[in-house]
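*Asks:* I would like to see how this sequence folds:
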Amino acid sequence: MKPIIFLLSFLLTVTANSQDKSPYQLFDKNGKKTTYAKLLKSSEKTEVVLFGEYHNNSIVHWLQLELTKDLAEKKQLVLGAEMLEADNQKQIDQYLKGEINQKQLDSTARLWSNHKTDYKPLVDFAKDNKLPFIATNIPRRYASTVFKKGIEELEKLPEEEKAWIAPLPMEYDANLPGYAGMMKMMGEHTSPNMPKAQAIKDATMAYFIVKNLQPNAVFLHYNGTYHSDNFEGISWYLKKSKSDLKILTIATVEQKDISKLEKEHLNKADFILVIDEDATKTY
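*Replies:* This next block holds a predicted model:
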């Protein structure tokens, strides 16, 4: 009788699991399944959270907002994002204070095309809860200058404009796997300025994160996952600036099967968010 009961119980469990649909699964860096509750608890204990995203993935944007809301109940927050450029900080602050409306922000700041669906909810949460929201990224025209003419060209900028980028000269390690991999991926004819243009973004985001740290608060930063994968990019520059800074990284990946982390994604971040590749895209 007992074997029959065990078999029935097993079959019911398998059936239930096969019918249980979920769009994502969290893993730790070693590939062990973990939970949102553990992610939230770990986020409470750090100083900086780098939430790496796929820019067009609806699930990651939903989870970013949920983590922001839940973490705000536990800790004082400072929010910041790659998607907002440092020279637009004045307009962001005006919007947060209610001095300009969304239409005015749209016309005065260089917002991404998916701002309304993917980032406005985060900015509005900051506005509603009187939280700082920091525009951390380098103005795109300067990143373009680095790609076309080299990082030395930034030295020619007026001092006022240099305030919108990481302090120069910028430390750069071309042998970091992320930057070296970029060169390899793009082919032998790729300009060595390409990874430098990526690095100036990473360095600038790290600079504005450190500049806006607050005691007993968590800086929750939203960025493309490549900017913080493998504990490089922003994370590397943060450690260069403040070696004892406590940082938690979240990487986003997409897989056909979310039940097991693929080997190539091991050690990509403290937490790896695996999303079903069929999840809806916002653009």
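*Asks:* Distance from stretch 112-125 to the middle of the chain?
*Replies:* On the basis of C-alpha atoms, centre = their mean, to the nearest Å, stretch 112-125 sits 14 Å off its chain's mean C-alpha point.
*Asks:* Name the residues of it that are buried.
*Replies:* Buried positions in stretch 112-125, judged by neighbour count with 16 or more other C-beta atoms under 10 Å: Asn114, His115, Asp118, Tyr119, Lys120, Pro121, Leu122, Val123, Phe125. All C-beta atoms are positioned from the backbone trio N, CA, C, and that covers glycine.
*Asks:* Would you mind giving me the confidence score for the closest residue to the last one other than its chain neighbours?
*Replies:* Nearest-residue entry for Phe125: Thr68, 5.9 Å, with adjacent residues in sequence omitted and distances by C-beta to C-beta, 6 or more residues apart in numbering. On the pLDDT scale, Thr68 is placed at 98.
*Asks:* What's the local residue count around Thr68?
*Replies:* Thr68 has 22 neighbouring residues, counting by other C-beta atoms under 10 Å.
*Asks:* what sits against it?
*Replies:* Listed by C-beta atoms under 8 Å, 6 or more residues apart in numbering, the contact set of Thr68 reads Leu77, Leu79, Leu122, Phe125, Leu220.
*Asks:* Kindly report the same for Glu85.
*Replies:* If a contact means C-beta under 8 Å, 6+ apart, then Glu85 has Ala109, Arg110, Ala135, Asn137, Ile138, Pro139, Arg140, Trp164 as its contacts.
*Asks:* Recalculate using a threshold of 10 Å.
*Replies:* The contact partners of Glu85, taken as C-beta atoms under 10 Å, 6 or more residues apart in numbering, are 92, 109-111, 135-143, 164, 204.
*Asks:* can you tell me which of the residues you listed are in helices?
*Replies:* Within the contacts of Glu85, residues falling in helices by DSSP state H are Ile92, Arg140, Arg141, Tyr142, Ala143, Thr204.
*Asks:* Based on its surroundings, how many neighbours for the fourth one?
*Replies:* What it means is Tyr142. Neighbour number of Tyr142 under other C-beta under 10 Å is 24.
*Asks:* Look up how far Ala197 lies from it.
*Replies:* Going from Tyr142 to Ala197 by C-beta to C-beta, to the nearest Å gives 9 Å.
*Asks:* Am I right that Ser171 sits in a helix?
*Replies:* Check again: residue 171 is Glu, not Ser. No. With DSSP: H, G, I helix; E, B strand; the rest coil as the criterion, Glu171 is coil rather than part of a helix.
*Asks:* give me the number of residues near it?
*Replies:* When counting by other C-beta under 10 Å, one arrives at 12 neighbours for Glu171.
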